[in-house]
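Enquirer: Generate coordinates for the sequence data below:
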Amino acid sequence: MTRTDRLCVGAIAGAFGVKGEVRLKSFCAEPSDIASYGPLFTEDGGRSFRVTLTRPVAGALGARLSGVATKEEADALRGVQLYADRDRLPSLGDDEFYHADLIGLEVRDTGGALLGRVHAVHNHGAGDILEVTGAGRREALLLPFTRAVVPTVDLSTGRIVADPPEGLE
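Expert: Coordinates of the predicted model:
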């Protein structure tokens, strides 16, 4: 499988307890769904885990991962991102996109001028923000990912049309 066949669905935030449980941060719309997309893989695909959720934890989920039996093994996985096969994930609606599908897309304004490419997608709680870099920019352009600011996303051509608010260009 290529990397685009897998999408990041969570990350291990560290050990939880002394018997190999981990604190699991889920990036899924419904956090507990992460356990149903398994097995989950490390970014390089070198390891895979079956996930069993155990209990809610502040800001995360308590979970057991197959092959992880001790606190030390769980601690060693801190920061590891977990990926699910794309075909195990739910289909999205017409105006919904996986962040991984947006990264790398060319961004042009409504007049056709190149603004750059999507470098990252951030969400700090108030909605998604596209970080656009390149095209001679010294600083990244941060665009709210709303229909008003980003009226067109065309995955087939790899292009986004954006209408940045005054002063953002």
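Enquirer: which parts of the helix or strand containing residue 118 are buried?
Expert: Counting by DSSP states H and E, the element that carries residue 118 is strand 114-123. By 16 or more other C-beta atoms under 10 Å, the buried positions in strand 114-123 come out as 115-118, 121. C-beta here means a position set from N, CA and C on the backbone, and glycine is covered the same way.
Enquirer: List just the nearest of these to residue 8.
Expert: Residue 8 has its nearest neighbour among those in residue 121, at 11.2 Å by C-beta to C-beta.
Enquirer: Please list the outside residues in contact with the helix or strand bottoming out on mean pLDDT in the chain.
Expert: In the chain, no helix or strand scores lower on mean pLDDT, DSSP states H and E than helix 99-102, which sits at a mean of 88. With C-beta atoms under 8 Å, 6 or more residues apart in numbering as the test, helix 99-102 has contacts from 4, 7-8, 118, 121, 128, 130, 153, 155, 160.
Enquirer: Which one of those residues is nearest to residue 143?
Expert: For the contacts of helix 99-102, the nearest to residue 143 is residue 130 (4.5 Å; C-beta to C-beta).
Enquirer: which residues does that closest one bridge with?
Expert: residue 121, residue 143 (DSSP bridges).
Enquirer: Next up, the contacts around it.
Expert: 102, 107, 118, 120-121, 142-145, 150, 160, 162.
Enquirer: try residue 6
Expert: Neighbours of residue 6 in contact, by C-beta under 8 Å, 6+ apart: 41, 45, 83-86.
Enquirer: From residue 120, how far off is it?
Expert: 18 Å (C-beta to C-beta, to the nearest Å).
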